[in-house]
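> model the following, please.
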Amino acid sequence: MIKELENIVMSFNWEEFHFLRPRALYLSIPLLVIVVLLLIGNKTDKRWTKMIAPHLRPFMFSKGNPWSIALPLLSFALATVLGIIAIAGPTWSQKKVPGRRVHAVTLITLDLSVSMLAKDIQPSRLERAKLKIEDFLKANPGSRIGLLAYAGTPHLVLPFTSDYKIIRHHAASLHNRAMPVPGTNYDLLVEKIDTVMKRIDAPSTVLLLTDVLDQSMATTLANWVSRVPHHLEIVLFSSPQGTTVPGHSSVQSAQDNSVIQNLTQNEKITVTPLTLDPSDVQSVADRIRKSLIFQTEDEKKEDVWDDRGWILIIPILALTLIWFRKGWVIQWCWLLLPVCLGSCGLDSKHPDWWYSKDYQGQLLSNATQYDSAAERFESDKYKAVAYFKAGNFEAAADLFALDTTATGNYNRGLALVKLGRYDEAMHAFDTAGMIDPSLKSKVDESRSKAQVLQHKSDSVLQYDPASASQKTKDLNEKKRKNDPLKERKPGSEDEKLSSDTQVKKLPKFGNRVTDETMSNIHSAKEQKEPPKDFKLEKQGGETNVIIRRSENDPGEFLHRRFELQKKRDYPQVKPSADPW
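Numbering: from 1, shown residues only. Below is the predicted model of the structure:
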């Protein structure tokens with residue numbers, strides 16, 4: 001304690017000295033009024049002494065000590081002044097936020113250019129790279145992993161996730177055909193990596209899986225590594241002698257060893273030789289595990305100052321102890337104290353004077369005023385819980401997503417279940433169970449409940465035809481009567497029909513073969529891309545929407561997504577002169 005006080009005194013800076021709550025200094029005005037009243041009240045009135053005979057006065061009165069009045073009054077005024085200064089919040093230094101433990105991530109970047117289709121590495125360079133990704137995931141690097149594919153343009157396949165199963169599933173479906181622009185553009189790749197990694201605090205790893213690096217590519221990567229805190233791991237998928245690029249027989253794809261030697265001189269770049277067994281990617285996973293946890297340094301918050309008012313508590317307590325001396329009386333002025341403290345509540349004009357934001361939020365939460373509590377909380381964790389109890393599950397899910405711990409993922413899963421986003425909820429539950437195995441029983445229970453709700457939501461049987469209007473029923477009945485395609489009993493003329501019979505009169509309506517999806521709820525036609533005037537609007541009846549599940553192979557989906565991203569993010573990018 002004494003050492004801490006010495007450090008505080010030594011760090012005193014008059015240039016930055018100020019009060020956090022300067023309006024509290026106005027309390028010195030009523031203090032001055034109280035002191036004046038005490039001085040007037042304690043002044044001895046000698047007029048009544050004239051009623052006593054002069055010769056008896058020496059025996060009736062004793063000469064008082066003036067300090068018996070001055071000292072109590074002085075200690076009272078001094079203690080109150082110090083209290084007012086403490087309430088005003090004197091400060092002269094910014095508060096330091098202690099360093100925190102952050103987890104590193106890994107970004108896998110896979111080359112999908114044409115040269116990766118060469119077969120000097122069996123079954124092909126690309127297929128071997130995808131097998132190495134699977135081996136890398138089996139080695140369990142322990143970090144969250146993202147997946148990025150690149151050729152003429154880079155595209156993020158998956159953001160950082162702890163679900164290795166979904167990474168393995170998407171990586172297996174990647175192919176050169178999915179890329180909208182052929183060639184290799186490392187300048188755009190580096191820009192995309194910066195975008196993906198900009199919110200990552202811990203020094204992390206970028207795992208680059210490619211076949212050949214020329215001098216310009218190596219220079220681009222070296223320049224990028226020099227300005228970021230991250231580490232670059234490279235695994236090359238090409239044989240020493242190289243081979244021709246498929247479709248370009250005149251182009252030889254082989255690695256220049258001098259380029260690799262120059263890259264390995266950089267301490268932040270590691271080039272791992274390709275092996276037949278998984279030992280190459282296992283060594284990469286081992287290095288990532290060793291540097292998984294990083295301790296950040298202390299930092300100063302520009303808008304947060306360290307309140308030093310608590311230092312004055314010690315002299316205030318020392319002065320109040322003197323008031324218990326025999327003959328010292330603190331008079332009626334202290335009756336104002338209960339009146340002042342009577343406004344120390346949430347309903348007062350300045351509740352921040354008495355309670356922190358989180359404490360105010362907890363008081364409101366205890367009173368079941370969850371909406372008000374959520375607005376009052378400063379902590380995202382408490383705010384998310386309040387929103388969840390208030391029924392605002394959308395806001396709760398967004399705030400729970402900021403908490404990457406097992407508890408945060410589990411709570412986010414509960415909020416997503418309430419929103420009907422069951423697939424995302426399942427992923428959140430799985431992530432929570434992977435981070436903290438002790439939550440497995442809770443995760444399994446919540447997962448089972450979510451699956452039951454999902455089954456009910458996805459079931460077409462839950463739709464009640466009786467809820468349709470009578471007008472719609474009559475219209476459908478009329479159509480069924482006049483529909484030339486309706487089923488009917490075979491007639492005698494049917495025996496004369498054969499496969500060569502020509503139909504002279506086609507039905508005027510009927511839609512047996514179409515790409516239009518019809519239901520009693522929505523009618524929609526699938527498009528290759530969203531229209532230019534597309535706007536996302538929230539409509540009612542979300543519980544009645546039936547969504548068809550996507551295909552197991554996401555390759556075609558990724559191809560369409562990459563095409564849209566190319567039009568949006570890289571409209572000016574053209575195929576390079578070297579499309580391999």
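
> can we go C-alpha only for contacts and neighbour counts from here?
Noted.

> just the strands in the stretch 101-250 of the chain please.
For the stretch 101-250 of the chain, applying DSSP state E, counting those that start in this stretch gives strands covering 101-103, 105-111, 144-150, 154-161, 205-210, 231-236, 243-245, 248-253.

> which one of those strands lies closest to Tyr359?
Tyr359 sits nearest to strand 101-103 of all the strands of the stretch 101-250 of the chain, at 26.1 Å, using C-alpha to C-alpha.

> average pLDDT across that closest one?
Strand 101-103 comes out with an average pLDDT of 63.

> any stretches of the stretch 401-550 of the chain with poor pLDDT?
In the predicted model of the stretch 401-550 of the chain, residues 458-550 satisfy pLDDT under 70.

> just the helices in the stretch 201-350 of the chain please.
For the stretch 201-350 of the chain, helices defined by DSSP state H, counting those that start in this stretch occupy the ranges 215-226, 257-263, 279-290, 313-322, 336-341.

> let's have those helices in TSV, adding mean pLDDT.
Conversion of these to TSV gives the following (pLDDT from 0 to 100):
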stretch	mean pLDDT
helix 215-226	90
helix 257-263	88
helix 279-290	90
helix 313-322	81
helix 336-341	54
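
> how about the ones you listed, which one is nearest Asp398?
Using C-alpha to C-alpha as the measure, helix 279-290 is the one of the helices of the stretch 201-350 of the chain that comes nearest Asp398, at 29.1 Å.

> list the buried residues for stretch 243-253?
With burial defined by 16 or more other C-alpha atoms under 10 Å, the residues of stretch 243-253 counted as buried are Thr243, Thr244, Val245, Pro246, Ser253.

> and the residues you listed, which two are furthest apart?
Pro246 and Ser253 (9.9 Å).

> shared neighbours of these two, anything?
Between them, Pro246 and Ser253 share the neighbouring residues Ser115, with contact defined by C-alpha atoms under 8 Å, 6 or more residues apart in numbering.

> how many neighbouring residues does His230 have?
If you count neighbours by other C-alpha atoms under 10 Å, His230 ends up with 22.

> look up how far Ala285 lies from it.
The gap separating His230 from Ala285 is 15 Å, by C-alpha to C-alpha, to the nearest Å.

> how about Met426?
Remark: distance between Met426 and Ala285 (C-alpha to C-alpha) = 27 Å.

> ditto for Met434
Counting by C-alpha to C-alpha, the separation of Met434 from Ala285 is 18 Å.

> kindly report the same for Pro273.
Noted for Pro273: a distance of 14 Å to Ala285, by C-alpha to C-alpha.

> ok, these two, which is more surrounded?
With other C-alpha under 10 Å as the criterion, Pro273 and Ala285 differ in neighbour count, and Ala285 comes out ahead with 21 against 12.

> and for the more buried one, nearest residue in space, chain neighbours not counted?
Distances taken as C-alpha to C-alpha, 6 or more residues apart in numbering place Pro141 nearest to Ala285, at 4.5 Å, with adjacent residues excluded.

> same thing with Thr272?
For Thr272, the spatially nearest residue (C-alpha to C-alpha, 6+ apart) is Val235, at 5.3 Å.

> tally of neighbours for that neighbour?
Using other C-alpha under 10 Å, the number of residues around Val235 comes to 22.

> which one's the longest helix in the chain?
In terms of residue count, the longest helix belonging to the chain (DSSP state H) is helix 67-88.

> tabulate the strands of the stretch 101-250 of the chain in TSV, adding columns for distance to Glu445.
Listed next are the strands of the stretch 101-250 of the chain as TSV, based on distance: least, C-alpha to C-alpha, whole Å:
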stretch	distance to Glu445
strand 101-103	28
strand 105-111	29
strand 144-150	25
strand 154-161	22
strand 205-210	35
strand 231-236	40
strand 243-245	53
strand 248-253	54
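
> just those strands: most buried one?
For the strands of the stretch 101-250 of the chain, the largest average neighbour count (mean count of other C-alpha atoms under 10 Å) is found in strand 105-111, namely a mean of 25.
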